[in-house]
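Peer 1: return a 3D structure for these sequence lines:
(one chain, ligands or ions: 3)
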Amino acid sequence: MVSYKDLGFVNTREMMGKALNGGYAVPAYNFNNMEQLQAIITACVETQSPVILQISKGARKYANQTLLRYLGQGAVEMMKVMAKEKGLKEIPMALHLDHGDSYELCVSCIESGFSSVMIDASSLPFDENVALTKKVVDYAHPYDVTVEGELGVLAGIEEHVKSEETHYTKPEEVEEFVKRTGVDSLAISIGTSHGANKFKPEQCTRNEDGVLIPPPLRFDILEEVEKRIPGFQIVLHGSSSVPREAIKTINEYGGTLKDSIGIPEEQLQKAVKYNVCKVNIDSDGRLWMTAAVRKHLVEHPEDFDPRKYLGPAREALINMYKHKNENVLNSAGKT
Ligand code: G3H
Ligand code: 13P
Ligand code: ZN
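Peer 2: Ligands and ions are numbered 1, 2, ... in the order given. Next up, the predicted model:
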């Protein structure tokens, strides 16, 4: 058993509690590889933002769980060295399992030094979701490990779950869920979804420049949830904005991404004014990384050293994460 505290990670519930009281959301950024991790740490040190490093089940499998664990464990050391070199303060970091789908996976992550786990049993019937979430909470809490549960289903495709439709969170269920499970935070479904195609064009309207504007998030549901569990920590998944610039670059350099529509940043800024204190972003990183790699390889067909194209990709990611911290989540300067 390795405790997250011994690795230098902080308690996720306490980190999110500070965000809730401070009017900002902690960014929760997914990573699968070294360049993504370096970019997250660099951007968060430079903007002095707390951060939750997220590893999904698929990321663990892709990168090899042992290798990824050591990369994750080295993250705090990496951050300390970077902060010192830049003459900046060290930042609070947490390591989190994203979309854990079994008790065994959550236990394995807790034992290898994760500060928090998500048990995503949202596709199960309510009572089964309660039972599995509670089982994870009962294991995690004696180690002071934070647990995130989910009610409602987000549309979109992940490695483990594919849902065609959104099932909004039912506010009338949240109080019982939180009471019976003892979870520390709750992911809810209010109109965000996973991936780069969050809305169909026919669901959107066009502004005067012809840009597709998606329907607003269901803030009415968020308000109802907050009435029933006041002060409770709420998590927003599927929060990528799918920047037009990144899509344009990808398609200009040979990509074929169609109908890519994300959550407008103003909607996220508004959500942060409620009790949303953790915002999950993965796809925007994937898009910017792909855009930079495509552009570089088309412009420099003679290059074959991965550092030549992964370097610019890492720079693009740094800029994107800094922008989110400074302009969207308001987490910059909150160390
Ligand atoms: O919400 C899911 C994350 O974007 C992780 O995706 O399961 O493909 O690693 P993944
Ligand atoms: P996006 O696909 O919108 O980046 O959502 C990521 C996410 O929710 C990770 O859990
Ligand atoms: Zn998610």
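Peer 1: tell me where the model's unsure across the stretch 151-300 of the chain.
Peer 2: Along the stretch 151-300 of the chain, the parts satisfying pLDDT under 70 run over 157-164.
Peer 1: now with 80, please.
Peer 2: 155-166 (pLDDT under 80).
Peer 1: for it, just list every one of the strands.
Peer 2: Taking DSSP state E, counting those that start in this stretch as the test, the strands found in the stretch 151-300 of the chain are 156-157, 162-163, 185-188, 205-206, 212-213, 233-236, 276-281.
Peer 1: so which of these gets nearest ligand 1?
Peer 2: strand 276-281 (6.5 Å; CB to the nearest ligand atom). C-beta coordinates here come from the backbone N, C-alpha and C atoms, glycine included.
Peer 1: show me what the closest one is packed up against.
Peer 2: Applying 3 or more CB pairs under 8 Å, 6 or more residues apart in numbering; DSSP states H and E, we find strand 276-281 packed against helix 12-22, strand 26-30, strand 233-236, helix 265-272.
Peer 1: residues contacting the third one, please?
Peer 2: Spelled out, that is strand 233-236. Under the contact criterion CB atoms under 8 Å, 6 or more residues apart in numbering, strand 233-236 has outside partners 13, 16-17, 20, 25, 28, 148, 184-188, 190, 192, 222, 225-226, 268, 271, 274-280.
Peer 1: circling back: comparing the helices and strands packed on strand 276-281, which comes out most buried?
Peer 2: When the helices and strands packed on strand 276-281 are scored by mean count of other CB atoms under 10 Å, the highest mean neighbour count falls to strand 26-30 (a mean of 26).
Peer 1: look up the closest residue to E252, ignoring the ones flanking it.
Peer 2: The shortest distance from E252 to any non-neighbouring residue, by CB to CB, 6 or more residues apart in numbering, is to K295 (7.9 Å).
Peer 1: what about that neighbour, distance to P301?
Peer 2: Separation of K295 from P301 (CB to CB, to the nearest Å): 12 Å.
Peer 1: more crowded one of those two?
Peer 2: In terms of neighbours (other CB atoms under 10 Å), K295 is the more surrounded of K295 and P301; the figures are 19 against 8.
Peer 1: okay if I get the strands of the stretch 151-300 of the chain as CSV plus distance to N327?
Peer 2: Formatted as CSV, these follow (distance: least, CB to CB, whole Å):
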stretch, distance to N327
strand 156-157, 24
strand 162-163, 30
strand 185-188, 23
strand 205-206, 24
strand 212-213, 19
strand 233-236, 17
strand 276-281, 13
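Peer 1: please report how far the residue nearest the centre of the chain lies from E148.
Peer 2: Nearest to the mean C-alpha position of the chain, counting by CA atoms, centre = their mean, stands N280 at 2.2 Å. Here N280 is placed at a distance of 10 Å from E148 (CB to CB).
Peer 1: and the helices in this protein?
Peer 2: In the chain, helices defined by DSSP state H lie at 12-22, 34-46, 57-63, 65-73, 75-86, 103-111, 126-140, 171-181, 219-228, 244-252, 265-272, 283-299, 306-323, listed in chain order.
Peer 1: could you pull out the buried residues of the longest one?
Peer 2: The neighbour-count check on helix 306-323 (16 or more other CB atoms under 10 Å) flags Y309, L310, P312, A313, R314, A316, L317, I318, M320, Y321, K322, H323 as buried.
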